[in-house]
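Q: just to be clear, the model below is a prediction. Sequence and coordinates:
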Amino acid sequence: MSIIKRNGNQLPGFPGFFNDFITKDLWNWGLENSSLTGTTIPAVNIRENNENFLVEMAAPGMNKHDFKVELNGNSLTITSEKNFEEEPKEEERYSRKEFSYQSFSRIFTLPKDVVDADKIEAKYENGVLYLVIPKKEEAKQKGPRLIQIS
């Protein structure tokens, strides 16, 4: 007996559930971050504290020159392009060579008028792109203030 994916919805109460279950790659959970084209979209962690937004993007195999980070208004765009090209050695020739090219673009919307754009810092280390996005002084949450009664 074999499992066959059927087109169409045989059970009206379960739209696509069984089809999704049968076709999912249960052994490769990393595919959850794949785009419709089958390319990988890097996973991102975004944290916020009183002083900053902290962004971590997993992008192994890249180097810092492969990234472009741009803030336009309150939209943060992270893009990357990387060509993997290797020059053949003098005694080698290709009978077949498949090119490798990787690119992605992620756009995040930050709260309006909160970010201090001049102080954003980025570094790439051990396969992770780190961004520290400071908040403007007026956007930082102030602690409780005692108000004097006259």
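A: Nice, I can see it.

Q: which stretches in the protein count as helices?
A: For the chain, the helices defined by DSSP state H occupy 17-23.

Q: pass me the low-pLDDT residue ranges in it, would you?
A: Filtered on pLDDT under 70, the chain yields the residue ranges 1-39, 84-89, 94-100.

Q: ranges for the strands of it?
A: Here the chain has its strands, by DSSP state E, at 44-48, 52-58, 67-72, 75-84, 100-109, 121-125, 128-134.

Q: how about those in CSV, adding distance to residue 92 and mean neighbour count?
A: All C-beta atoms are positioned from the backbone trio N, CA, C, and that covers glycine. Below are the strands of the chain laid out as CSV (distance: least, C-beta to C-beta, whole Å; neighbours: other C-beta atoms under 10 Å):
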stretch, distance to residue 92, mean neighbour count
strand 44-48, 39, 13
strand 52-58, 34, 18
strand 67-72, 32, 13
strand 75-84, 17, 15
strand 100-109, 17, 12
strand 121-125, 32, 12
strand 128-134, 34, 19
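
Q: same list, those, but as TSV with distance to residue 115 please.
A: Shown next, in TSV, are these (distance: least, C-beta to C-beta, whole Å):
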stretch	distance to residue 115
strand 44-48	11
strand 52-58	7
strand 67-72	7
strand 75-84	8
strand 100-109	11
strand 121-125	12
strand 128-134	6
